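Chemist: could you look at this predicted model? Sequence included:
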Amino acid sequence: MHNLATRVERVTVHRNGALVVRRGVATHSQVRVLGLPLLYSSDSLRVRTTSGTILDLRETAELLTTGGTTTAPNDDVTRQALLVESLTLKEQGIQALITALESVHPADPKDVLKEMEVRSLPAMPGWLAVHQDVAAHLAALDEEKSQLRVRLKEAQRRLEELRKLTHVDPTPPRFTRGLSFHLAGASGDVPVEIEYFVEAARWTPTYALHLEGTQAKLTVRALLAQASGEDWSGVQLAFSTSDLTRDATLPELQSWRMGRAQPAAQPAFRPLPEDLATLFRDYDNARSGRTPTVAAPSSPAPTNTGRTQAGVVMMEDSLEMDADESEEPVREEAARNEPRDRLMKKERAAPGMAMAMAAPMPPRGGSSTGARMPAVRPRPPQVPPRLRYAYLRLAGADEPQRGTLQPLDVLGHLQQLVDTHQPDNVNALQRAVAALQESAKALRHAPLPPGTVALEECHFHHVYDAPGSHHVASNGTYHGVGICTDEGPATLEHRTVPRASQDVFRYCVLRPTPTPYPSGPMHVYQDGSYRVTTKLPTQNHAQVIELNLGMDPDVRVLERVVHVNQEEKGLVSQTSRVEHRVRVQLLSTAGAPVRVLVYDRLPTTREDEKDIQVTVLDSTPEMTRRDHWLDGAPLKGGLVWTLTLEPNVKKDVSLHYAITLPAKTELMGGNRRE
């Protein structure tokens, strides 16, 4: 058998893992491939060739290194665990004593005289002394319990820290996965491509914006980490914002009817019977000529309940059962439908009587306006389980489930491969799998790099190809990979809303980019100097990018002054006129002229208020109407002024408008001082 040498050439990193592509050249018909990672997903394996046919494809698993011996648990961890246990038991004892003392209270005098057969009770000073003594004991116990809880919480925190620092298996064994197959119908050198999926990989985007005058250069990078067990050396990388595997079950639309409830539609999936006799019942009945019996649907019983062999799991765990298999909802629905079934039987005997009984009963008072039949909601169809065909094992002849396929977990599947070649290395395999799963778990639960955002917030799917070749070690550490650079014109401007605040903010407006970008942190540099770190929101390729670069201390609003004058018009004051004069003064101490956008808003009325008018009388400089806010939200009555501020020169923005309204009405809402 010819050993085919392969190397990783391309990796596409998704949200939930990475799709790895290996390539090699086969020169013989009997081919064996080694060096695959131990925990790749078997149901994602694909082997392709340019010519010929692949036959008898099999998986293998072999031991590479035995590793070191497992270390015993740390003595500090053992002592700390004993301390936590002793403090917990002590707290439970104090709580039991507190409960007993709280139950001490004076009994009913009648009951005491009846039970003790005495004619006199203890004196009141005795009861008071007992009450005071119990109260003092309870106060002391509460104080001791509070102090004990503080010690217990600190001991538990210390125990968690020690467990994180303790490595139970620092040098686990190493295994390699492999393939063997027969290449038929090919001659000469045949390229072979092997594709598989590994879960222990994740990535997140980060950006850098370099501003040079009116030009901008946007650099996109990916922070990548993987703990798959194999190093990626000299590979082409691509990054995707989508999940590679996800449920795509089509929904089944339910119909709603007025009248009697219809039986719920049975789903197309039927779980297989748990024994062979039930499985072939219809076949046996057909051969014997008997009428087939219809068995009531029931939940599949857990298989292999009596076995404790490692790797054989429950049906619900391996097949990813999402539907509720409980029979209680069926019983409750049958109990609710019992009166309706009884009514249907009576309807067959006497239709007229059934119709009278089925009519809704009117409420008290003789009116039937509010009467309605109770709505019976059909049960939603059960979602069929997801079968993982690569993790199924045919039970042998000496097993209770002989002749049926039994689901396996990852460890059970690998044990089946090791038993074929190296049956003495099962324990070493368990150690190797546990170490890799722990590394994958640590990567999955580790916090993202500071400032980055998880890809779950991205609502579009796109693949980014990284140029060149890259090396990514399997150590769970994040590596920076450059994806692309986009250049284009940029507009720098200042924006302020004096009505809300006197602060002036710097903004950078970029043209729509040719590709969409997920959300992530962005470091902004201007003329080679670092300015600020902001967040790039999720951008589609048709959206203009607006970046808030923070407050500019060199540009500020000095004051905003409003003068209000109200006067009455008409012989009997039928209308009122309220005039507003708004003046905003700005100043810039920057070294160069700056472009400032000043936002404000006119009062607005409801659609049904036709007798109220808002009229702009004067504006300096000329204003522009805006129907949206800075973030694209709708804004009724929006105004914006665009002006250029020279260094150390004050500049005013003025607005004069009037509101005409009926004399018997008044303005509501908004700023009452205006």
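Modeler: Looks like it came in fine.

Chemist: against which helices or strands is the helix or strand encompassing Ala100 packed?
Modeler: Element membership of Ala100 [criterion: DSSP states H and E] is helix 75-102. Secondary-structure packing of helix 75-102 (3 or more Cβ pairs under 8 Å, 6 or more residues apart in numbering; DSSP states H and E): helix 124-165. Using the backbone N, CA and C atoms, a C-beta is placed for each residue, glycine as well.

Chemist: the helix holding Ala100 versus helix 124-165: what angle between them?
Modeler: 160 degrees (axes from the mean of the first three to the mean of the last three Cα atoms, to 10 degrees).

Chemist: helix 75-102: which residues count as buried?
Modeler: Going by neighbour count (16 or more other Cβ atoms under 10 Å), the buried part of helix 75-102 is 77, 80-81, 83-84, 87, 91, 94, 98.

Chemist: do the same with stretch 458-475
Modeler: Quick answer for stretch 458-475 (16+ other Cβ under 10 Å): 458, 464, 466, 470, 472, 474.

Chemist: now swap in stretch 483-493 and tell me
Modeler: 483-484, 486, 490, 492.

Chemist: how about the residues you listed in TSV, adding distance to Thr27 and pLDDT?
Modeler: What follows is these, written out as TSV (distance: Cβ to Cβ, whole Å; pLDDT from 0 to 100):
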residue	distance to Thr27	pLDDT
Ile483	37	93
Cys484	39	90
Asp486	45	88
Ala490	56	89
Leu492	62	88
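
Chemist: identify, from these, the entry nearest to Val13.
Modeler: Among the buried residues of stretch 483-493, Ile483 lies closest to Val13 (Cβ to Cβ), at 11.3 Å.

Chemist: what about the closest one, which SS state?
Modeler: strand (DSSP: H, G, I helix; E, B strand; the rest coil).

Chemist: Phe239 is in contact with that one, correct?
Modeler: Yes. Counting by Cβ atoms under 8 Å, Phe239 is a contact partner of Ile483 at 6.7 Å.

Chemist: shared neighbours, those two?
Modeler: Taking Cβ atoms under 8 Å, 6 or more residues apart in numbering as the contact rule, Ile483 and Phe239 both touch 205, 222, 464, 466.

Chemist: hmm, which two among those are most spread apart?
Modeler: Pro205 and Ala466 (11.7 Å).

Chemist: what touches both of these two?
Modeler: Contacts common to Pro205 and Ala466, judged by Cβ under 8 Å, 6+ apart, are 222, 239, 483.

Chemist: make JSON lines out of those and add distance to Leu57.
Modeler: Shown next, in JSON lines, are the shared contacts of Pro205 and Ala466 (distance: Cβ to Cβ, whole Å):
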{"residue": "Ala222", "distance to Leu57": "34"}
{"residue": "Phe239", "distance to Leu57": "30"}
{"residue": "Ile483", "distance to Leu57": "35"}
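
Chemist: look up how far Pro205 lies from the residue minimising distance to the centre of the chain.
Modeler: Centroid-nearest residue in the chain: Glu456, 6.3 Å away (criterion: Cα atoms, centre = their mean). Separation of Glu456 from Pro205 (Cβ to Cβ, to the nearest Å): 13 Å.

Chemist: do Val150 as well
Modeler: 44 Å.

Chemist: those two: who's more crowded?
Modeler: Legend: neighbour count by other Cβ atoms under 10 Å for Val150 and Pro205, higher for Pro205 (23 against 9).

Chemist: give the contact list for the more buried one.
Modeler: So Pro205 contacts 220-223, 239, 452, 483, 517-520 (Cβ under 8 Å, 6+ apart).

Chemist: now with 7 Å, please.
Modeler: Applying Cβ atoms under 7 Å, 6 or more residues apart in numbering to Pro205 gives the contacts 220, 222, 517-518, 520.

Chemist: what is the neighbour count of Gly528?
Modeler: Around Gly528 there are 8 residues (other Cβ under 10 Å).

Chemist: swap that for Thr49, please
Modeler: 17.

Chemist: Val190 is in contact with that one, correct?
Modeler: Yes. Counting by Cβ atoms under 7 Å, Thr49 does reach Val190; the two are 5.4 Å apart.

Chemist: okay, and the common contacts of those two?
Modeler: Leu183.

Chemist: isn't there a strand covering Leu64?
Modeler: Yes. According to three-state DSSP, Leu64 belongs to a strand.

Chemist: could you check the pLDDT of it?
Modeler: pLDDT, Leu64: 83.

Chemist: contacting residues around it?
Modeler: If you count contacts by Cβ under 7 Å, 6+ apart, then Leu64 has 174-176 around it.

Chemist: is it true that Leu414 lies in a helix?
Modeler: Yes. The assignment for Leu414, made by three-state DSSP, places it in a helix.

Chemist: and for it, the neighbour number?
Modeler: Counted with other Cβ under 10 Å, Leu414 comes out at 24.

Chemist: state the distance from it to Leu436.
Modeler: 11 Å.

Chemist: what of His459?
Modeler: 33 Å.

Chemist: cool, and Gln226?
Modeler: 12 Å.

Chemist: neighbour count: these two, which is higher?
Modeler: Gln226 (30 against 22).

Chemist: residues touching the closest residue to the more buried one other than its chain neighbours, list them.
Modeler: Excluding its sequence neighbours, the residue lying closest to Gln226 (Cβ to Cβ, 6 or more residues apart in numbering) is Ala201, at 3.9 Å. By Cβ under 7 Å, 6+ apart, the contact list for Ala201 reads 13, 17-18, 226, 228.

Chemist: out of the residues you listed, which is most surrounded?
Modeler: Ranking the contacts of Ala201 using other Cβ under 10 Å puts Gln226 first, with 30 neighbours.

Chemist: just to revisit the earlier point, so which of the contacts of Pro205 wins on neighbours?
Modeler: Tyr517 (27 neighbours).

Chemist: quick check, pLDDT for the closest residue to that residue other than its chain neighbours.
Modeler: With sequence-adjacent residues excluded and distances taken as Cβ to Cβ, 6+ apart, Tyr517 is closest to Gln539, at 4.9 Å. Looking at Gln539, its pLDDT stands at 78.

Chemist: isn't His563 up against Arg581?
Modeler: Yes. Judged on Cβ under 7 Å, His563 makes contact with Arg581 at a distance of 4.4 Å.

Chemist: quick one: which of these two has more around it?
Modeler: Arg581 (16 against 11).

Chemist: pLDDT on the helix or strand hosting Thr533, on average?
Modeler: Assigned by DSSP H and E, Thr533 belongs to strand 529-536. The pLDDT scores in strand 529-536 average 88.

Chemist: as CSV, could you dump the C-alpha coordinates of the helix or strand that it is followed by?
Modeler: Downstream of strand 529-536, the first helix or strand assigned by DSSP H and E is strand 545-551. Backbone C-alpha positions of strand 545-551 (Å, rounded to 0.1, in the frame of the first residue of the first chain) are rendered in CSV as follows:
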residue,chain,number,x,y,z
ILE,A,545,-19.5,54.7,6.4
GLU,A,546,-19.8,57.4,9.1
LEU,A,547,-17.2,57.2,11.9
ASN,A,548,-17.4,59.2,15.1
LEU,A,549,-13.8,60.1,16.0
GLY,A,550,-14.7,61.6,19.3
MET,A,551,-15.0,65.1,20.7
